[in-house]
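Trainee: Fold the following, please.
(2 chains)
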There are 2 protein chains.
Amino acid sequence: MSDDLDARPRGWTRLGSRAVHRGDHLTLHHDSVLQPDGTEGTYDRLTIADGARVVAIDEDGRVALVEDAFYPPGARLLHVPGGAIAEGERPEDAAARECEEETGRRPGTLRQLTAYHPLPARTSAVAHLFLATDLRHGSLRRDPTEATMTVHWMPLGDAVAAVRSGAVSEAGSAIGLLLAASLLAPS
Amino acid sequence: MSDDLDARPRGWTRLGSRAVHRGDHLTLHHDSVLQPDGTEGTYDRLTIADGARVVAIDEDGRVALVEDAFYPPGARLLHVPGGAIAEGERPEDAAARECEEETGRRPGTLRQLTAYHPLPARTSAVAHLFLATDLRHGSLRRDPTEATMTVHWMPLGDAVAAVRSGAVSEAGSAIGLLLAASLLAPS
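Mentor: Model (predicted):
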């Protein structure tokens, strides 16, 4: 028995892969695999762009929360500024760009908070989280999908309470706000 | 100009939808839409099951972290117990079931932490997070994809440090551990 256990595969092996759909923002792959127990199976996985988000804190200690219409849930959601990292773009540059485009303020100082996997059972994509301070004045730039976007500046404590209540529900916003609050809490 | 702004659509409108792929764990939909600025476009969105995860704390104040092989990133990731909610299952029942299946301990007391959207630009799916205490002894039950799963019990503070460092990178685990730590911190 212990020999069998020692011989078991230590993960997944890809046997084949077929792109089922190639869209502007995602590719869906239908793979044939060896599962961790050694049996054959199939696996649907996505390729999407990595993301970057930024907890931006102004000179009054208020944090930027962007409200925008999200198509899949059919709801307006509050989130910290951010979006997809462009091809060849550095995560910190994407975070600074999205911050300026969505709030009109650009980070003077940018500090990495962490990176996370939004949905690792479906995609290898990661999102990078930053803390921005020393905000400078910049220029709003929004694309056609962001026509109804609005920005709210609120005390960090209120934003953390909104994570607890579920009013801020986007994963990266929740992680970023909780990390920023624990980092900036009086020790 | 202000008339034009007042007349702009306040969100997204679905014009049509086609299922591009129906798999065991996801359906990909290719929709035609009216974008928030009123122009036509297309949108790829996914249907996947909602999820439930649980921060389970034992009698010594240690938290359960499960290590398992994730196929899309091709890596073993640490996460708090959890998984997909079955058809008709309540989120709290899914959390308790996954906790027992993955750790061998079942929650005596289960408290809701929050719910979040892992990837709201691609899917309406939500994941529900719980805090479990008063753990009872139960039975491990793992499926073929979980053959190499291991469980680690560690102090909550160490688990939070692992979120900061990126060693715990799964979204729901990060949010749950940070919320649990702020809830259980001495005031």
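
Trainee: need the contact list for A:Gly108.
Mentor: A:Ala132, A:Thr133, A:Asp134, A:Leu135, A:Arg136 (Cβ atoms under 8 Å, 6 or more residues apart in numbering or on different chains). C-beta coordinates here come from the backbone N, C-alpha and C atoms, glycine included.

Trainee: what's the spacing between the nearest residue to the first one once chain neighbours are set aside and A:Ser139?
Mentor: Nearest residue to A:Ala132, sequence neighbours excluded (Cβ to Cβ, 6 or more residues apart in numbering or on different chains): A:Pro107, at 3.4 Å. A:Pro107 sits 14 Å away from A:Ser139, going by Cβ to Cβ, to the nearest Å.

Trainee: Of those two, which one has the most company?
Mentor: Neighbour count, other Cβ atoms under 10 Å in any protein chain shown: between A:Pro107 and A:Ser139, A:Pro107 has more, with 24 against 9.

Trainee: Closest to the mean position in chain A, which residue would that be?
Mentor: A:Ala127 (4.0 Å; Cα atoms, centre = their mean).

Trainee: What is the burial count for the residue lying closest to that one once chain neighbours are set aside?
Mentor: Leaving aside its chain neighbours, A:Ala127 sits nearest to A:Gly51 (3.7 Å; criterion: Cβ to Cβ, 6+ apart). Counted with other Cβ under 10 Å, residues neighbouring A:Gly51 total 25.

Trainee: For A:Gly51, grab phi and psi.
Mentor: phi -120, psi 170 (degrees, to the nearest 10).

Trainee: Same question for the one 4 residues further on.
Mentor: With angles defined as degrees, to the nearest 10, A:Val55 shows backbone torsions of phi -90, psi 110.

Trainee: how much space is there between it and chain B?
Mentor: 13 Å (Cβ to the nearest Cβ, to the nearest Å).

Trainee: List the contacts of that residue.
Mentor: A:Val55 neighbours (Cβ under 8 Å, 6+ apart): A:Val63, A:Val80, A:Leu113, A:Leu129, A:Phe130, A:Leu131, A:Ala132, A:Gly176, A:Leu177, A:Leu179, A:Ala180.

Trainee: can you list the domain ranges for chain A.
Mentor: By the assignment in automatic domain parsing, chain A contains the domains A:2-47, A:51-184.

Trainee: just those domains: most buried one?
Mentor: Burial of the domains of chain A is given as mean neighbour count (mean count of other Cβ atoms under 10 Å in any protein chain shown); domain A:51-184 ranks first at a mean of 20.

Trainee: Is there contact, residue-wise, from stretch A:159-171 to chain B?
Mentor: Yes - Stretch A:159-171 reaches chain B (Cβ under 8 Å from any Cβ of the partner chain) through A:Val160, A:Val163, A:Arg164, A:Ser165, A:Gly166, A:Ser169, A:Glu170, A:Ala171.

Trainee: which residues are contacting that stretch?
Mentor: A:63, A:65, A:77-80, A:116, A:118, A:127, A:173-174, A:177-178, A:181, B:113-120, B:126, B:171-172, B:175, B:179, B:182.

Trainee: Could you pull out the helices in chain A for me?
Mentor: A:2-7, A:91-103, A:156-165, A:171-184 (DSSP state H).

Trainee: got those helices as TSV, with mean pLDDT columns?
Mentor: TSV is the format used below for those (pLDDT from 0 to 100):
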stretch	mean pLDDT
helix A:2-7	44
helix A:91-103	97
helix A:156-165	96
helix A:171-184	96
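
Trainee: Before I go, just wanted to say thanks for your time.
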